[in-house]
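Q: For reference, the sequence and a predicted model appear below.
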There are 2 protein chains.
Amino acid sequence: MQVVERNQCVFSFSGNHAPVLTVSSGECVILQTNDCFSGQIKKDQDLVTSIDYRKINPVTGLIFVEDALPGDVLRVEIIRISIEEQGVITTLPEIGTLIHRAETRTKVVQVIEGRTVLFSEKIQFDCAPMIGVIGVAPAEGEVACGHPGLHGGNLDTSCLMEGSTIYLPVFIPGALFGLGDLHASMGDGEMCGTGVEIAGQVEVRLTVLKDEPLRAPVIETSDSWYAVSSDHDVQSAVRKASESMQEMIAGRWQLTPTDAYLLMGAIGDVQMSQCCKPCPVETVVRVRMPKLEGLTGLIG
Amino acid sequence: MQVVERNQCVFSFSGNHAPVLTVSSGECVILQTNDCFSGQIKKDQDLVTSIDYRKINPVTGLIFVEDALPGDVLRVEIIRISIEEQGVITTLPEIGTLIHRAETRTKVVQVIEGRTVLFSEKIQFDCAPMIGVIGVAPAEGEVACGHPGLHGGNLDTSCLMEGSTIYLPVFIPGALFGLGDLHASMGDGEMCGTGVEIAGQVEVRLTVLKDEPLRAPVIETSDSWYAVSSDHDVQSAVRKASESMQEMIAGRWQLTPTDAYLLMGAIGDVQMSQCCKPCPVETVVRVRMPKLEGLTGLIG
């Protein structure tokens, strides 16, 4: 299997980046990733205020996927996520729901056997490895890897875990795919602006789907579908994700728009992905619909 | 066991209501409840636009709990929830994330063996019975049962299910407790403004806790703690719930405020309870912290 090393990285999604690898549709590839600080923080004394901010949120890639054309969908199956033995949690200046009640701090934590985070002598918790940044090049220009959008990007969504699949709209030939910003664990909403930031590697299978309309990222897990949307304003993000889910379930499950909406009230969930306000980065929300027996998938 | 019938109900939480029952601390009681429309909607042709809106969100009670004094905490263990055989989902004028893309509609649904909701011939889903409105009288005045607040009220929180416990601040002697607005199922955020609205009955154990500081509702489930907050603005609600959780875990788990915040970023979740904006009612959010091995409870 082909491997992309972590030094083959960029700090934005853009069609102007030269691809570091070309794969066929349906091929698996391993991407080694650096942490969101490009490894600049190694001990408690390394504060985010003294690192090079141009090196934030690297993604490994970008990868050219053969046959991917604008209007297609790139299906990304997350086959395996492995993480290293040391992670870091930090507060960030001017970011986070409790920034008015916290110091600028770094906390380095150890990961035991890939399973347990040692937060302190008394506090430990299970790892729940997930991908923070995953996406393709936008139609034009470049989007810094710290930002979310229709192309994916910094979605910081806890359901981007091993076994999940994300569907991304393709905007340019080859899609130009990349990912990075792993977390050993991240709370929904990422209240302090970071989770357990960590380096690692991810195996994905990249497949081009033709004739699939998709206007924004969709995530599939074993039991659920998620429409993902972002906006500076939380409520606008919720409305956009609701609209996406309404369109998908009305189309696939043959419901009127109003019936789709009633079903969403009864069993559809609004969930937070990224809402560490105040924050210059857009909020990310997801609307979940459980998979229901006897009904078709929402995509693919 | 004492039973309060569903016709013994009020439409606001207030110390001015005469109690319908007095119980000792630690006593169990059964409250029979009407649905949120006071049973005014029985078939698909009954639209919310033609019912008496003064009869919205009745709560059964209020119940005077002996020994409860201002500054105490009322612990409410939700021992059993049973629901009737027919529920109703509706859109509501000027409320809901997709109100610009839906008609005013009523959908009556059947509940089979208390376990399955028949949404249509092709679509069915599991029941997940929960309580929409639960609370005590505020310090002064009255709060309509459709509104949330520090006293509880219309929290519309899916974790208010059988087996959960909610802790409420006591504002007046006797607390004056009541509940209503059951749902056979309700999606987080309640996108269309209703879930599967249904009548039923709830068994609770009401216990007064002394010397427990509590400024807003807290919910306990088998594996989690939730700080619940409401505000017209989503981000303000998130900030307030974050503050409550930070104070609780810093106090109980002997963490500095910044360490509590870092732990919240790593494993604390921001979750939506009620966010069917546009809506005149405040948004309700909850911040979740998983129970961690070897650490004390956050209350009680």
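A: Structure received.
Q: Helices along chain A, start to end?
A: A:234-252, A:257-267 (DSSP state H).
Q: Out of these, which one sits most buried?
A: helix A:257-267 (a mean of 25; mean count of other C-beta atoms under 10 Å in any protein chain shown). The C-beta positions use only the backbone N, C-alpha and C, and glycine is treated the same way.
Q: Can you show me the CA trace of that one as CSV?
A: Coordinates of each C-alpha in helix A:257-267 appear next as CSV, following Å, rounded to 0.1, in the frame of the first residue of the first chain:
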residue,chain,number,x,y,z
PRO,A,257,-40.7,18.0,2.7
THR,A,258,-43.1,18.4,5.6
ASP,A,259,-43.1,14.7,6.5
ALA,A,260,-39.3,14.7,6.4
TYR,A,261,-39.3,17.6,8.8
LEU,A,262,-41.8,15.9,11.2
LEU,A,263,-39.6,12.8,11.2
MET,A,264,-36.6,15.0,12.0
GLY,A,265,-38.4,16.5,14.9
ALA,A,266,-39.2,13.0,16.3
ILE,A,267,-35.8,11.2,15.8
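Q: so does it get close to chain B?
A: Yes. Judged by C-beta under 8 Å from any C-beta of the partner chain, helix A:257-267 and chain B are in contact via A:Pro257, A:Thr258, A:Asp259, A:Tyr261, A:Leu262, A:Leu263, A:Met264, A:Gly265, A:Ala266, A:Ile267.
Q: Tell me the bridge partners for A:Val136.
A: Judged by DSSP bridges, the bridge partners of A:Val136 are A:Phe177.
Q: How many residues are close by it?
A: Counted by other C-beta atoms under 10 Å in any protein chain shown, the residues lying close to A:Val136 total 28.
Q: hang on, it packs against A:Leu74?
A: Yes. Judged on C-beta atoms under 8 Å, A:Val136 makes contact with A:Leu74 at a distance of 6.0 Å.
Q: what do the two both touch?
A: Contact criterion C-beta atoms under 8 Å, 6 or more residues apart in numbering or on different chains; residues shared by A:Val136 and A:Leu74: A:Leu168, A:Pro169, A:Val170, A:Ala175, A:Phe177.
Q: In a markdown table, list the residues of helix A:257-267 next to chain B along with pLDDT and distance to B:Ile249.
A: Output for the residues of helix A:257-267 next to chain B, formatted as a markdown table (pLDDT from 0 to 100; distance: C-beta to C-beta, whole Å):
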| residue | pLDDT | distance to B:Ile249 |
| --- | --- | --- |
| A:Pro257 | 98 | 43 |
| A:Thr258 | 98 | 43 |
| A:Asp259 | 98 | 42 |
| A:Tyr261 | 98 | 37 |
| A:Leu262 | 98 | 38 |
| A:Leu263 | 98 | 37 |
| A:Met264 | 98 | 33 |
| A:Gly265 | 98 | 33 |
| A:Ala266 | 98 | 33 |
| A:Ile267 | 98 | 31 |
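Q: Between those, which sits nearest A:Pro278?
A: A:Met264 (29.7 Å; C-beta to C-beta).
Q: so what's that closest one closest to, chain neighbours aside?
A: Nearest non-adjacent residue to A:Met264, counting by C-beta to C-beta, 6 or more residues apart in numbering or on different chains: B:Met191, 4.8 Å away.
Q: Next, count neighbours for that neighbour.
A: 33.
Q: check contacts around it.
A: Contacts for B:Met191 were tallied using C-beta under 8 Å, 6+ apart; they are A:Ser242, A:Tyr261, A:Met264, A:Gly265, A:Gly268, A:Val270, A:Val287, B:Gly96, B:Thr97, B:Leu98, B:Cys276.
Q: Touching, A:Glu27 and A:Glu203? I think so.
A: No. With contact defined as C-beta under 8 Å, A:Glu27 does not reach A:Glu203; the gap is 11.2 Å.
Q: Domain boundaries for chain A, per the record?
A: Per automatic domain parsing, the structural domains of chain A span A:2-209, A:218-290.
Q: Tell me which of these is the most buried.
A: Mean neighbour counts for the domains of chain A (mean count of other C-beta under 10 Å) peak at domain A:218-290, with a mean of 22.
Q: Quick one, grab the pLDDT at the residue nearest to A:Met264.
A: At B:Met191, the pLDDT value in this model is 98.
Q: Quick check on it: phi, psi?
A: phi -50, psi -40 (degrees, to the nearest 10).
Q: Next one: it from A:Val285, what distance?
A: Distance, B:Met191 to A:Val285, using C-beta to C-beta, to the nearest Å: 12 Å.
Q: and what of A:Glu66?
A: 33 Å.
Q: A:Leu298 now?
A: In terms of C-beta to C-beta, A:Leu298 sits 17 Å off from A:Val285.
Q: List the contacts of the residue lying closest to A:Thr33 once chain neighbours are set aside.
A: In this structure, A:Thr33 finds its nearest non-sequential neighbour in A:Gly180, 4.5 Å apart by C-beta to C-beta, 6+ apart. The neighbours of A:Gly180, taking C-beta under 8 Å, 6+ apart as the test, are A:9, A:31, A:33-34, A:36, A:57-60, A:131-133, A:145.
Q: Specify the beta-bridge partners of the closest residue to A:Gln86 other than its chain neighbours.
A: Distance criterion C-beta to C-beta, 6+ apart; nearest residue to A:Gln86, sequence neighbours excluded, is A:Gln110 at 5.9 Å. Beta bridges link A:Gln110 to A:Gln86, A:Leu118 when assigned by DSSP bridges.
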